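A.B. asks: Quick one, what's the 3D model for this:
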Amino acid sequence: MLSSRLAPWLGVLGLGAGGGILLNTGGNDGEQIQLTAKVPTRGQQISTLTSSSPTQPFDLLVIGGGATGSGIALDAATRRLRTALIEREDFGSGTSSKSTKLVHGGVRYLEKAVFNLDYGQLKLVYEALQERKDLLDNAPHLTRTLPILMPCYKWWEIPFYLSGLKMYDIIAGTKNLAWSKYLTPSESHRRLPTLAETNHAGKSLKGTVLYYDGQFDDARLNVTLATTAAAAGAAVANYVEAVGLIKDTAGQVVGAHCIDKQTGKKLDVYAKVVVNATGPYVDRIRQLADKNTKKAVTASSGAHVTLPEWYGSTATGMIVPKTKDGRVVFMLPFQGHIIAGTTDSACDVIDRPVAHAEEVKFILDAISDFLCIKVREEDVLSTWSGIRPLAADPTVETGGSQSTSSISRDHLIFTEPNGLITITGGKWTTYRRMAEDAVDTALATGKLPVTQPCRTSRLKLLGGQAYNPTLHTEVAQQASTLLPSTAACSPATARHLASAYGDQAHEVLELAADEHLAGLLVPGHPYIEAEVVHACRSEYCASVEDFLARRTRLAFLDSKAAEAAIPRVSSSSRSNSSGNSSIHSYHASWQTFIIASSGTNGFIQQQQSAMSRASRGLLMTAHD
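C.D. replies: This next block holds a predicted model:
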């Protein structure tokens, strides 16, 4: 083993050889939170879940392992509540991995607040801007501050947009990231060379307004929330589905009947309070207790496309504040590619949403109007769609339908007469505040022990404790020492490992050196074989899809490259010498990921069959 050789690097990374990591929340009590150095295996977590009983229940059971549910589990565990979390698929496999990747207050929400004199929208923007800075501080390896240009092709747009974005900065207060400002056309082109000098209406560029928001890797942050909750003592398990709710003699919900989807075994999980945090699917859980319950979610689809990096800039994004039909579209750099989106239209709640051809065409046409080059459909590398759960209070009559873009992005928490707590709505940026509110609501029931106040506002997540902006150089030096003349030594891989794993990057390099897993998974991308084993052992990765879509982002960035990587991912998982992973029969569905096609059957074709055949039989049952 390499523990002796790694000792100097562990010191550099701020980690010792003990059995845990101390995280200082910076709270008033000054007390540190003890996290385990290694998260429990999935098998251990399942055993903990099955150990609950009517007489020895968990304090809190969270159903749903997206951003909100994982955030609730972390909040509750750090308040020393005995916490359980179950997720029927993978952590973040739903909406939480399919966002626009922005940590933002919401520029368009501010516009609505001003023009509609809507205090609720203003409050949402303020809270989101406060949470934006905390999120960037607590997960520094997975986030960054991103400059974004707002192009102006009419003179009046400059003072209009600049004054609005100055208000955005002022509302952020002491947690503002940087001040917005006007850029001349030449300054704008230096930041974004592909910006059109003349727009679709023949108007010349008058300049841009530059402002700043946050950007993050949504899926990896979701997984990190779940693993940090596990390290704080929560029993978390993916691929455990709630198929029924358990009620006591008084008709109160006290747990859930579950199925472990990896083994098919049934288990009952008991808890004093049950929280339904299943995003767009909250009504399905509510109907397990009451089939006649009124709808609490209005669903909206958000489609995105991934394009090659040369369509934009590696360091600067663009927002189109008003397309031809009045919608807002972003074009943002993300992990060496350009992502563009999003749409906002009513949809049905389905398990595997896809980006439809008309949505993709709208996005490509919208950004083409503001670029000096036409965006070609054959250049689309991947598309995806997520379902936003917009809150619809079941106790209030809406008086008719309304467009999804006009519905507030604020969150809603309510308690059913049967005691089930449901949280819905909200946005990624405010996940931590939503989690805090949900746990406070659970405590207000009087069923839980008196505990400490929320401690997550300054809690750095796993990987972020010893992170610093130059960590990639330390990773590169470590790689050149342990793995000379391998792919792990490349600058691209060093930067990727530092940004994906933070101060845990050394663990991936140790695996690569110990088990000879330093090869690239696919040419042209920085991912190495050791990441597969690390994902199985430390991040509850259970399938090829889990790895390619959420432990890395390859399926979202380049679906053809993801298809090519499937055999290497599978063979790397077999290298897991600890026995924590094995291969079982499984059909990994790739309906979420769409490959651009220029064939005669239409603009976009779902190329599911090849990936389905290649991924059939490649389930990595980690943590057994």
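
A.B. asks: Excluding chain neighbours, what is closest to the residue nearest the centre of the chain?
C.D. replies: By Cα atoms, centre = their mean, the chain has its centre lying nearest to residue 218, at 2.3 Å. In space, and not counting its chain neighbours, residue 218 is closest to residue 99: 4.7 Å by Cβ to Cβ, 6 or more residues apart in numbering. Quick note: C-beta positions are derived from backbone N, CA and C, even for glycine.

A.B. asks: what about the one you found, how many neighbours?
C.D. replies: Neighbourhood size, residue 99 [other Cβ atoms under 10 Å]: 23.

A.B. asks: Could you tell me how many residues sit around residue 413?
C.D. replies: Neighbour number of residue 413 under other Cβ under 10 Å is 19.

A.B. asks: Adjacent strands (with direction) for the helix or strand that it is a member of?
C.D. replies: Under the criterion of DSSP states H and E, residue 413 resides in strand 411-415. Paired neighbours of strand 411-415 in the sheet (DSSP bridges): strand 421-425 (antiparallel).

A.B. asks: The first helix or strand past the strand it pairs with going along the chain - what's its average pLDDT?
C.D. replies: With elements assigned by DSSP H and E, the helix or strand that comes after strand 421-425 is helix 431-444. Per-residue pLDDT over helix 431-444 has a mean of 97.

A.B. asks: Use 46 as the first number from now on
C.D. replies: Will do, 46 is the new start, and the previous item becomes helix 476-489.

A.B. asks: Against which helices or strands is helix 476-489 packed?
C.D. replies: Helices and strands touching helix 476-489, by 3 or more Cβ pairs under 8 Å, 6 or more residues apart in numbering; DSSP states H and E, are helix 112-123, helix 164-183, strand 311-321, strand 456-460, strand 466-470.

A.B. asks: need the contact list for residue 218.
C.D. replies: 174-175 (Cβ atoms under 8 Å, 6 or more residues apart in numbering).

A.B. asks: Ramachandran coordinates for it?
C.D. replies: Note on residue 218: backbone dihedrals following degrees, to the nearest 10 are phi 60, psi -130.

A.B. asks: ok, it to residue 174 distance?
C.D. replies: 8 Å (Cβ to Cβ, to the nearest Å).

A.B. asks: likewise residue 399?
C.D. replies: Residue 399 is 33 Å from residue 174, by Cβ to Cβ.

A.B. asks: can you list the weak-confidence ranges in the chain?
C.D. replies: 46-76, 438, 440-454, 620-669 (pLDDT under 70).

A.B. asks: go again using 80 as the cut-off
C.D. replies: Flagging of the chain using pLDDT under 80 yields the residue ranges 46-77, 79, 82, 154, 157-165, 369-371, 388-390, 437-454, 619-669.

A.B. asks: Check which residues of stretch 84-97 are buried.
C.D. replies: For stretch 84-97, the neighbour count (16 or more other Cβ atoms under 10 Å) marks 84-88, 90-91, 93-95, 97 as buried.

A.B. asks: Then stretch 289-306?
C.D. replies: Using 16+ other Cβ under 10 Å as the test for burial, stretch 289-306 gives 290-291, 297-301, 303-305.

A.B. asks: what do you get for stretch 409-428?
C.D. replies: Buried, per 16+ other Cβ under 10 Å, within stretch 409-428: 409, 411-416, 420, 422, 424-428.

A.B. asks: so residue 581 touches residue 618, yeah?
C.D. replies: Yes - taking contacts as Cβ atoms under 8 Å, residue 581 lies within contact range of residue 618: 6.1 Å.

A.B. asks: Residue 399 and residue 174: which has the busier surroundings?
C.D. replies: Using other Cβ under 10 Å, the more surrounded residue of residue 399 and residue 174 is residue 174, with 27 against 20.

A.B. asks: which residues sit in contact with the more buried one?
C.D. replies: By Cβ under 8 Å, 6+ apart, the neighbours of residue 174 are 150, 213, 216-218, 220-221.

A.B. asks: Format the CA atom coordinates belonging to stretch 323-337 as PDB.
C.D. replies: Extracted C-alpha coordinates of stretch 323-337, given in PDB (Å, rounded to 0.1, in the frame of the first residue of the first chain):
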ATOM      1  CA  THR A 323     -39.500  13.400  -3.800                       C
ATOM      2  CA  GLY A 324     -39.600  16.500  -6.000                       C
ATOM      3  CA  PRO A 325     -42.000  16.100  -8.900                       C
ATOM      4  CA  TYR A 326     -43.200  12.800  -7.500                       C
ATOM      5  CA  VAL A 327     -44.400  14.000  -4.100                       C
ATOM      6  CA  ASP A 328     -48.000  13.300  -5.100                       C
ATOM      7  CA  ARG A 329     -47.200   9.700  -5.700                       C
ATOM      8  CA  ILE A 330     -46.000   9.300  -2.100                       C
ATOM      9  CA  ARG A 331     -49.000  11.300  -0.700                       C
ATOM     10  CA  GLN A 332     -51.300   9.000  -2.600                       C
ATOM     11  CA  LEU A 333     -49.900   6.000  -0.800                       C
ATOM     12  CA  ALA A 334     -51.600   7.400   2.300                       C
ATOM     13  CA  ASP A 335     -54.600   8.900   0.600                       C
ATOM     14  CA  LYS A 336     -55.600   8.100  -2.900                       C
ATOM     15  CA  ASN A 337     -57.900  11.100  -3.100                       C
END
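
A.B. asks: how distant is that stretch from the center of its chain?
C.D. replies: Offset of stretch 323-337 from its chain centre (Cα atoms, centre = their mean, to the nearest Å): 23 Å.

A.B. asks: same thing with stretch 415-435?
C.D. replies: On the basis of Cα atoms, centre = their mean, stretch 415-435 sits 19 Å off its chain's mean C-alpha point.

A.B. asks: quick revisit: out of the buried residues of stretch 289-306, which two are the most distant from each other?
C.D. replies: The largest separation in those, counting by Cβ to Cβ, is between 297 and 305 at 25.3 Å.

A.B. asks: What is the burial count for the nearest residue to residue 179 once chain neighbours are set aside?
C.D. replies: Take residue 179 and drop its neighbours on the chain: the residue closest to it by Cβ to Cβ, 6+ apart is residue 502, 5.5 Å away. By other Cβ under 10 Å, 16 other residues sit near residue 502.

A.B. asks: rewinding a little: let me have the buried residues of stretch 289-306 in CSV, extended by secondary structure and distance to residue 515.
C.D. replies: Formatted as CSV, these follow (DSSP: H, G, I helix; E, B strand; the rest coil; distance: Cβ to Cβ, whole Å):
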residue, secondary structure, distance to residue 515
290, strand, 50
291, strand, 51
297, coil, 53
298, strand, 50
299, strand, 51
300, strand, 48
301, strand, 46
303, strand, 45
304, strand, 47
305, strand, 43
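
A.B. asks: one step back: could you grab the helix/strand/coil label for the residue nearest to residue 179?
C.D. replies: coil (DSSP: H, G, I helix; E, B strand; the rest coil).

A.B. asks: ok, now how distant is it from residue 351?
C.D. replies: 33 Å.

A.B. asks: Can you tell me which of the buried residues of stretch 84-97 is nearest residue 283?
C.D. replies: Using Cβ to Cβ, residue 87 comes nearest to residue 283 of the buried residues of stretch 84-97, at 7.7 Å.
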